[in-house]
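Trainee: from the sequence below, what's the structure:
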Amino acid sequence: MTIRLSSAKAVGNDLAAGRITAGDQSLYLTASFLIWMIPAYLFLFPAPRTIDPDFFWGIWLTELAFLVLFCIVGIGFCLRQCRVDPTRNFLVDFSCLNAPISLTTLTLVWGGFYLLTAGAVLLLGEMPSRAYDVIRMLASAGAVFMVFLRIGKHMNRVSLLRESANGRARPSL
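Mentor: Residues are numbered from 1 along each chain as shown. Below you'll find the model as predicted:
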């Protein structure tokens, strides 16, 4: 089987059809970890720039609070979207969908962040560190929010496909 890191829809189709083996699941899980770790260790996810300790800790703790909130609520949201045998399907579906969704979302969010901040520097000559840090915090928290939202939507789609395959009446996709 081919690992599909650029198409969550194709991964969802494979999940619903039962075409993802345990070996493929482990590759998707490995890819998910690497997709988040490699950019962090290459400093593609930028650190705050401010030197004001009060602002730094305020923005850092706000970002942390958003990330914790989005992870807790996001995982619950994804679990509710996995309606067909969640005991068996939830972790597999989540792990497999996390890789392509994280890859595409992180690429778009951080690519957009760098374009926005570079554009601001071109227009202003210099970007104030506080503005940079607020945009960075919104990009960081927004990326996590979007990843969970997209995974949940795809898990819902996989559930609909499984329900229709099992003969349950559901609207078509």
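
Trainee: spatially central residue for this structure, please.
Mentor: Nearest to the mean C-alpha position of the chain, by CA atoms, centre = their mean, lies residue 147 at 2.4 Å.

Trainee: what's the longest helix in this protein?
Mentor: Ranked by residue count and defined by DSSP state H, the top helix of the chain is helix 86-124.

Trainee: helices or strands up against that helix?
Mentor: Under the contact definition 3 or more CB pairs under 8 Å, 6 or more residues apart in numbering; DSSP states H and E, helix 86-124 sits against helix 8-17, helix 22-41, helix 53-81, helix 129-165. From N, CA and C alone the C-beta is placed, and that goes for glycine too.

Trainee: just checking, the residue nearest to the centre of the chain touches residue 105?
Mentor: Yes. Under the criterion of CB atoms under 8 Å, residue 147 is in contact with residue 105, at a separation of 5.1 Å.

Trainee: show me what contacts the closest residue to residue 35 other than its chain neighbours?
Mentor: Counting by CB to CB, 6 or more residues apart in numbering, residue 35 lies nearest to residue 102, which is 4.7 Å off, once chain neighbours are set aside. By CB atoms under 8 Å, 6 or more residues apart in numbering, the contact list for residue 102 reads 32, 35-36, 147.

Trainee: hang on, the earlier thing: who are the contact partners of the residue nearest to the centre of the chain?
Mentor: Residues in contact with residue 147, defined by CB under 8 Å, 6+ apart, are 74, 98, 101-102, 105-106.

Trainee: recalculate using a threshold of 6 Å.
Mentor: The neighbours of residue 147, taking CB atoms under 6 Å, 6 or more residues apart in numbering as the test, are 101-102, 105.

Trainee: residues near residue 146, how many?
Mentor: Burial of residue 146 is recorded as 19 neighbouring residues (other CB atoms under 10 Å).

Trainee: over to residue 121?
Mentor: Residue 121 is flanked by 12 other residues according to other CB under 10 Å.

Trainee: per-residue pLDDT, it?
Mentor: For residue 121, the pLDDT comes out at 87.
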